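# Quick one: sequence plus predicted model below, questions after.
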Amino acid sequence: MEKEIYEMHASICQIMANAKRLEIISILGNRELIVGDIAEKMEIRMANLSQHLSIMKVKGILKSRRDGVNIYYRIANPKVVQACKLMREVMMEQMREKGRLSNTVTSY
């Protein structure tokens, strides 16, 4: 059982090891947005965004719902956002310690 958890954890970390996917999590936060709004905020082509959203949905990071012609996406579990915030805080602290980051940079 423990090994299975490690394997699942590694699989999720592989998915999250992509700057665009982390940006999607940041943009969504604790809200639901349509695909077009996400693409606009990221300044990314819809085809590229759709690939990322599909991967994240298959792995259970995102949930979606259709309303007419619109597809809405949201984070499946708010703890994903918390985990990303925590990791970002750790990295920002490390960068500040090295004098590479000003205090004006914000987190999610």
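That came through fine.
# List the buried residues in the longest helix along the chain.
Secondary structure of the chain per DSSP state H: the longest helix is helix 78-97. Across helix 78-97, burial judged by 16 or more other Cβ atoms under 10 Å covers Val80, Val81, Cys84, Arg88, Met92. C-beta here means a position set from N, CA and C on the backbone, and glycine is covered the same way.
# what do you get for stretch 54-70?
So stretch 54-70, judged by 16+ other Cβ under 10 Å, has buried residues Met56, Lys59, Ile61, Leu62.
# which residue ranges form the strands in the protein?
33-34, 62-67, 70-75 (DSSP state E).
# Kindly reformat those as JSON lines containing distance to Arg100.
Output for the strands of the chain, formatted as JSON lines (distance: least, Cβ to Cβ, whole Å):
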{"stretch": "strand 33-34", "distance to Arg100": "32"}
{"stretch": "strand 62-67", "distance to Arg100": "32"}
{"stretch": "strand 70-75", "distance to Arg100": "29"}
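# Output the below-cut-off pLDDT ranges for the chain.
101-108 (pLDDT under 70).
# Find the centremost residue of it, please.
Taking Cα atoms, centre = their mean, the centroid of the chain lies closest to Ile25, which sits 2.5 Å from it.
# Contacts only, for that residue.
Met16, Ile61, Ile75, Val80, Val81, Cys84, Tyr108 (Cβ atoms under 8 Å, 6 or more residues apart in numbering).
# Equivalent analysis for Ser11, please.
With Cβ under 8 Å, 6+ apart, Ser11 has these contacts: Lys59.
# I'd like to know how far Ile34 sits from Met91.
Distance of Ile34 to Met91, given as Cβ to Cβ, to the nearest Å: 30 Å.
# make that Ile15, sorry
18 Å.
# With Lys41 instead?
For Lys41, the distance to Met91 - Cβ to Cβ - is 22 Å.
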